[in-house]
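[1] take a look and give me a structure for this.
(chains A and B)
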Amino acid sequence: MAKKLSSLIDSEVSIANEIAANDGIESIKKILTKLNPDALVRKKQIRRTGLPDLLDTENKKIILRFAPNPNGPLTLGHSRGIVLNSQFAKKYNGKVVLRFDDTDTKVKPPMLEAYKWIEEEYEWISGSPADIVIRASERMPIYLDYAEKMISKGFGYVCRCSSGEFKKLRDAGEVSPYRNRSIEENLNDWSAMLDGKMKAGEGVVRVKTPTDLPNPALRDWPALRIQHGEHPIVGKMYKVWPLLDFQSAIEDHEQRVTHIIRGKDLMDSTRKQKLLYEHFGWDYPETMYWGRVKVFEFGGFSTSGMRKSIMESEYSGWDDLRLPTIKSLRRRGFDPSSLRSFWLDLGLTQKDISISMQTIESFNIKKIDPITPRRFFVRNPIKLKMSWKGKNKKFNDILKIQNHPNSTNLDDVRKWRFNEFEETLFIENNDYIKWDKFRLKDFADVSKIDKHCKVESIERQDNRQIIHWLLESISREAVLHIPQGNNIMIHEGIIENYNLEEGKIYQFERVGFAKIENITPGKPIKLIWLHS
RNA sequence: GCUCCUGUGGUGUAGUACGGUCCAUCAUACCGGGUUUUCAUCCCGGCGACCCGAGUUCAAAUCUCGGCAGGAGCACCA
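    The predicted structure is shown next:
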């Protein structure tokens, strides 16, 4: 068949070549136009844009979930989960459950403030609040109930081995000596656990799985353990707490979650949970994974690590400019839609990737550049006296500078008032060193001798360097804070003091985008660096 | 060690289910040019990749096998 096809193609091609040779390529085009006009258009491969399709969505109310641990505020990494889940929900007209997985009081204890932070950050990132918000700690009775059901039905048991003992047995291919005890004995131990008669580490509830599972990580996995510590929300009400794999599995079922999108580090979690679903006779949700993400500019940050460093005053707080937290990104002035475009562009793949803040920044620049007003910020200012070539010449005493170079509205300007005898201005030290003749942007060509500059022409005469500058009467001290690796660089300078608003982002010409964090009378204005 | 996942330019991504339409898409970065009274934006052009090897086939990024590399799980964390 293939050979026939090939020889057919060969003969057709030679016929076509002959026609082309005799009558020119145009005649081929004519024939094709008649026969099959589509053949003339070289089909480019179609680029799939946006998210891939979710599997198994027919006749279903799509429910997704985002389940952070409230042991601190959200980081850049979390935002991927929010963007992906909320975007899928939008695509399928479904809902997202924001679930706080706060069942650990010891290793990653919940932080009370973090609950409201995260709810708020979720809304900031996705553009709308989560459809449903639940806290695992408040749904404990449900989990404990299922745990008891599991023991009563014989597919769960209380194992009193230490973790070390169990690991040893498991790796040797053996089972826990507690595995085959009666349901009554297990129920007894279970109530001892619940009553607080067993101490942490003395017992754990395990899910029975096939013992010959090739993946040792899945064999008789632990579902609940004892924790006598205090929980910031429910206090000391419970002595037994579910582990993630159990709590999450039960809650996904309770919320009728249809699709789970999670990091691929949780692949074994899916496998464990499927085993549990089989015991209960439930259908497991469709699951998709994303790979590990490393951000070039930020090393390895964990929420608990940051928490510790903040406690030790290594960082000023969760919104420290050097931290990859959502709080920090917001403080700097990133637009949430840039984060969304960024993660959506990356899509959902299982590849482990290294990304650069530069890419997010480029999305952000495209977003904010058209609407960001311009101002001048002069770092390391050098004070110059201005004089006029020839006689003391009078010019317009109001200098108008466009708020934005692409603005078509001629009234959208900032105004600098020249005093009649104003003759003091500032330029950047770098420019001072580098140029003897330059053009003060939007004003005049000047030449410089020592600390004096002479106005040569209001009109542009040549293509000398254009620099930004400031009249003394419109300047005010400002300090720009730039995060750089593990440091914060401080640039002192003067800012163009024209209609400045706290919390607003400006583009400082020839410097970059920065946000005015605060304007306090008598103090320099505080600027926070966004990007160039 | 056991189990699992992933390999497309500097970075990220499309294409891979059903091999040909792919001398491989788009973005970002970088380089060059243009517009611009910002070293911003915008526009144009360029650069550069199918992990390796073998096999199947007329035809392989795509299928098979074998390597190699990177990552994850094996917590009484999430």
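
[2] can you give the distance of stretch A:380-391 from its chain's centre?
    Mean-position distance between stretch A:380-391 and its chain equals 47 Å (C-alpha atoms, centre = their mean, to the nearest Å).

[3] C-alpha coordinates for it, PDB please?
    Provided in PDB are the C-alpha atoms of stretch A:380-391 (Å, rounded to 0.1, in the frame of the first residue of the first chain):
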ATOM      1  CA  ASN A 380      23.200  61.000  43.000                       C
ATOM      2  CA  PRO A 381      22.300  64.500  41.900                       C
ATOM      3  CA  ILE A 382      24.800  67.200  41.100                       C
ATOM      4  CA  LYS A 383      23.700  70.700  41.500                       C
ATOM      5  CA  LEU A 384      24.400  73.100  38.500                       C
ATOM      6  CA  LYS A 385      23.900  76.800  38.100                       C
ATOM      7  CA  MET A 386      22.200  77.700  34.800                       C
ATOM      8  CA  SER A 387      22.900  80.700  32.800                       C
ATOM      9  CA  TRP A 388      22.100  81.900  29.300                       C
ATOM     10  CA  LYS A 389      24.300  82.400  26.400                       C
ATOM     11  CA  GLY A 390      24.400  86.000  25.600                       C
ATOM     12  CA  LYS A 391      21.900  88.200  27.400                       C
END
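
[4] pLDDT (mean, whole number) over it?
    For stretch A:380-391, the mean per-residue pLDDT is 82.

[5] buried residues, it. List them.
    Applying a neighbour-count criterion of 16 or more other C-beta atoms under 10 Å, one finds A:Pro381, A:Ile382, A:Leu384, A:Met386 buried in stretch A:380-391. The C-beta positions use only the backbone N, C-alpha and C, and glycine is treated the same way.

[6] and these, which is closest to A:Val455?
    Using C-beta to C-beta, A:Met386 comes nearest to A:Val455 of these, at 6.6 Å.

[7] which helix or strand contains the residue nearest to A:Pro73 when sequence neighbours are not counted?
    In space, and not counting its chain neighbours, A:Pro73 is closest to A:Trp117: 4.5 Å by C-beta to C-beta, 6 or more residues apart in numbering. Secondary structure assignment for A:Trp117, by DSSP states H and E: helix A:112-126.

[8] just give me the neighbour total for A:Asp352.
    Taking other C-beta atoms under 10 Å as the criterion, the count of residues near A:Asp352 is 11.

[9] circling back to that earlier point, helices and strands around the helix holding A:Trp117, which ones?
    Applying 3 or more C-beta pairs under 8 Å, 6 or more residues apart in numbering; DSSP states H and E, we find helix A:112-126 packed against helix A:76-91, strand A:95-100, helix A:326-332, helix A:336-346.

[10] can you tell me what sits against that helix?
    A:66, A:68, A:70-74, A:79, A:82-83, A:86, A:96, A:98, A:100, A:129-130, A:133, A:135, A:232-233, A:326-327, A:330, A:336, A:339-340 (C-beta atoms under 8 Å, 6 or more residues apart in numbering).

[11] can you go through the residues you listed and name the buried ones?
    A:66, A:68, A:70-74, A:79, A:82-83, A:86, A:96, A:98, A:100, A:130, A:135, A:232-233, A:326-327, A:330, A:336, A:339-340.

[12] which stretches of the stretch 401-532 of chain A form helices?
    For the stretch 401-532 of chain A, helices defined by DSSP state H, counting those that start in this stretch occupy the ranges A:429-434.

[13] who in it is up against RNA strand B?
    A:404-406, A:428, A:430-431, A:439, A:441-443, A:459-460, A:466-468, A:507, A:509-510, A:532 (C-beta under 7 Å from any atom of the strand).

[14] in strands, which of the residues you listed fall?
    Those of those mapping onto strands are A:Glu428, A:Arg439, A:Ile466, A:Ile467, A:Gln507, per DSSP state E.

[15] give me the buried entries from those residues.
    Buried by 16+ other C-beta under 10 Å: A:Glu428, A:Arg439, A:Ile466, A:Ile467, A:Gln507, out of these.

[16] chain A - how does it break down into domains?
    Listed by automatic domain parsing, the domain ranges of chain A are A:293-370, A:376-531.

[17] same list (the ones you listed) but as CSV, adding distance to A:Val240.
    Shown next, in CSV, are these (distance: least, C-beta to C-beta, whole Å):
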stretch, distance to A:Val240
domain A:293-370, 23
domain A:376-531, 42
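
[18] comparing the ones you listed, which yields the minimum mean pLDDT?
    Sorting these by mean pLDDT places domain A:376-531 lowest, at a mean of 90.

[19] how many residues are close by whichever residue of the stretch 101-250 of chain A sits closest to RNA strand B?
    As assessed by C-beta to the nearest atom of the strand, RNA strand B sits closest to A:Asp101 within the stretch 101-250 of chain A, at 2.6 Å. Residue neighbour count, defined by other C-beta under 10 Å, stands at 20 for A:Asp101.

[20] please apply the same query to the one 5 residues further on.
    Applying other C-beta under 10 Å, we find 11 other residues in the vicinity of A:Lys106.

[21] residues in contact with the residue nearest to it when sequence neighbours are not counted?
    Leaving aside its sequence neighbours, A:Lys106 sits nearest to A:Gly229 (C-beta to C-beta, 6+ apart; 5.5 Å). For A:Gly229, the contact set (C-beta under 8 Å, 6+ apart) comprises A:Thr105, A:Lys106, A:Pro109, A:Lys236.

[22] out of those residues, which are buried?
    So, by 16+ other C-beta under 10 Å, the buried ones in these are A:Thr105, A:Pro109.

[23] same list, the contacts of A:Gly229, but as JSON lines with distance to RNA strand B, secondary structure and pLDDT please.
    As requested, the contacts of A:Gly229 are arranged in JSON lines below (distance: C-beta to the nearest atom of the strand, whole Å; DSSP: H, G, I helix; E, B strand; the rest coil; pLDDT from 0 to 100):
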{"residue": "A:Thr105", "distance to RNA strand B": "8", "secondary structure": "coil", "pLDDT": "95"}
{"residue": "A:Lys106", "distance to RNA strand B": "5", "secondary structure": "coil", "pLDDT": "93"}
{"residue": "A:Pro109", "distance to RNA strand B": "9", "secondary structure": "coil", "pLDDT": "94"}
{"residue": "A:Lys236", "distance to RNA strand B": "16", "secondary structure": "coil", "pLDDT": "94"}
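
[24] distance to A:Glu202 added to the contacts of A:Gly229, as TSV?
    Compiled in TSV, the contacts of A:Gly229 are given as follows (distance: C-beta to C-beta, whole Å):
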residue	distance to A:Glu202
A:Thr105	17
A:Lys106	15
A:Pro109	21
A:Lys236	18
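
[25] between the contacts of A:Gly229, which is nearest A:Thr520?
    A:Thr520 has its nearest neighbour among the contacts of A:Gly229 in A:Pro109, at 36.7 Å by C-beta to C-beta.
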